[in-house]
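J.: The following comprises the amino acid sequence and a computationally predicted model.
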Amino acid sequence: MARLEDEAAGATPIERHAGVNPLAAATILYTSGTTGTPKGAVGSHLAMVEQVHCSLIDSFDLRPDDVVYGGLPFFHSFGQMAVLNMAFRRGASIVLLPRFDPDEALELLVAHGATVFTAVPTNFAGMVEAARRTAARPPLRFAVSGGAALPVALLEAFEEAFGAQVHEGYGLTETSPSCTFNVTSEPIRPGTVGRPMWGVDVAVAVAEVEDRVELLPAPAPGSAAGEQSDLGEIVVRGHNLMKGYLGRPDASAAAVVDGWFRTGDLGTVDAHGIVTIVDRKKDMIIRSGYNVYPTEVEAVLARYPGVALAAVFGVPDAARGQEVHAAVVPSDGAEVDPEAVVAYMKEHVAAYKYPRVVHVSADLPLGPSGKVLKRELTARHSAPAG
């Protein structure tokens, strides 16, 4: 197999850089497609450069001597920007792993002295399990989580296993990707995705109004601790926005309304600008007229003894519209009794929220970026028509 060093040695050096309009198209990165068909988000040179510089200046304490775990796919915005481009810009090293395997990842991190771990929540769960099988540990300074909500229980388990604080952020392919982050220079706020990055506005809008962006008021500065805005759809604007979807002007017009990108995520913001993501609009379960947010239920499931990974999803139900189901992956050597899990959840969440059915599985269906594909779980466990 050819090595990068050998290919570079035989390449013709670039003599000069060609000028380009900052707003010209630079990338076409496809969305993960967890809730539908992937779309090609066209990113500009400006969005890429500002994403890297703003993150390195304000968000990440990345150093030239850092060794960054690079198990995220580089065709995805999280891996390309938060790992590849930021490490190259800072001059840091990257440990590459073509496909995530927790034991192999931990072995590589230890062998190369990795100091930064950047991954999605399912990878964090795998690393916690791998850490139970060996005492070897890399010299991690901190970890970065994104791509999906990270349960606080999993954050705590990773910190305990590896002695490294986890900084969670939020973003989408359409926003290059980062919008907010729990910056490494401040204490983390578990359960939140931090504050907006420089040059990016993040607000909450009325989710039910789709033809315009109707912003919900944020708590005034000096409000009582913990006071948050009403729950609504997270909207974003700034230098990080895509130019639009490739060949999809209809989808572009629906996504960017009044200059704001409608993320499809539900959340809140407090008086200090700290953003909390509750769930995806499309993942919300409506059971007997009550809204159930899977992420909230998953956070409780993550604390059940012997559960390594959990996903909550809705299944069509003739009587209630949707019924709440959960799929759980047991920890190594653990046996999980579905009925016992149902009883536990009944005691820890509201009556309309707890899963009536729990499926124990060896794994969960994952997309290329490591996100759980809940639509596949719904299809797998739905009763056939008729």
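T.: Arrived safely, thanks for sending.
J.: ranges for the helices of the stretch 51-200 of the chain?
T.: Using DSSP state H, counting those that start in this stretch, the helices of the stretch 51-200 of the chain run over residues 77, 86-90, 102-112, 121-131, 152-162.
J.: Distance from the chain centre to the shortest one, please.
T.: Chain-centre distance of helix 77: 11 Å, with C-alpha atoms, centre = their mean, to the nearest Å.
J.: what's in contact with it?
T.: The contact list for helix 77 (C-beta atoms under 8 Å, 6 or more residues apart in numbering) reads Leu29, Ala41, Gly43, Gly171, Leu172, Thr173, Ser176, Pro177. Any C-beta I mention is one placed from the backbone N, CA and C, and that applies to glycine too.
J.: Ok, stretch 154-167 next?
T.: Contact partners of stretch 154-167, identified using C-beta under 8 Å, 6+ apart, comprise 117, 121, 124-125, 127-128, 131-132, 137-138, 140-145, 150, 168, 181-184, 188, 190, 194, 302.
J.: ok, of these, which come out buried?
T.: The neighbour-count criterion (16 or more other C-beta atoms under 10 Å) marks 117, 121, 124-125, 127-128, 131, 138, 140-145, 150, 168, 181-184, 188, 190, 194, 302 among the contacts of stretch 154-167 as buried.
J.: Contacts only, for His76.
T.: Leu29, Ser32, Thr173, Pro368, Ser369.
J.: which one of the residues you listed sits closest to Pro316?
T.: Ser32 (23.7 Å; C-beta to C-beta).
J.: and the closest one, which of the three is it?
T.: coil (DSSP: H, G, I helix; E, B strand; the rest coil).
J.: By mean pLDDT, flag the weakest helix or strand of the chain.
T.: Across the helices and strands of the chain, mean pLDDT, DSSP states H and E gives its lowest value to helix 4-9, namely a mean of 88.
J.: Return the alpha-carbon coordinates of that one using CSV.
T.: C-alpha atoms of helix 4-9 as CSV (Å, rounded to 0.1, in the frame of the first residue of the first chain):
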residue,chain,number,x,y,z
LEU,A,4,1.5,9.4,2.0
GLU,A,5,5.1,10.4,2.5
ASP,A,6,6.2,8.5,-0.6
GLU,A,7,3.4,10.0,-2.7
ALA,A,8,4.2,13.5,-1.5
ALA,A,9,7.9,13.1,-2.3
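J.: about what we covered before: which one of the contacts of helix 77 has the most neighbours?
T.: Each of the contacts of helix 77 was scored for neighbours by other C-beta atoms under 10 Å, and Ser176 scores highest at 31 neighbours.
J.: gap between stretch 38-47 and the chain center?
T.: With C-alpha atoms, centre = their mean, you get 18 Å for stretch 38-47.
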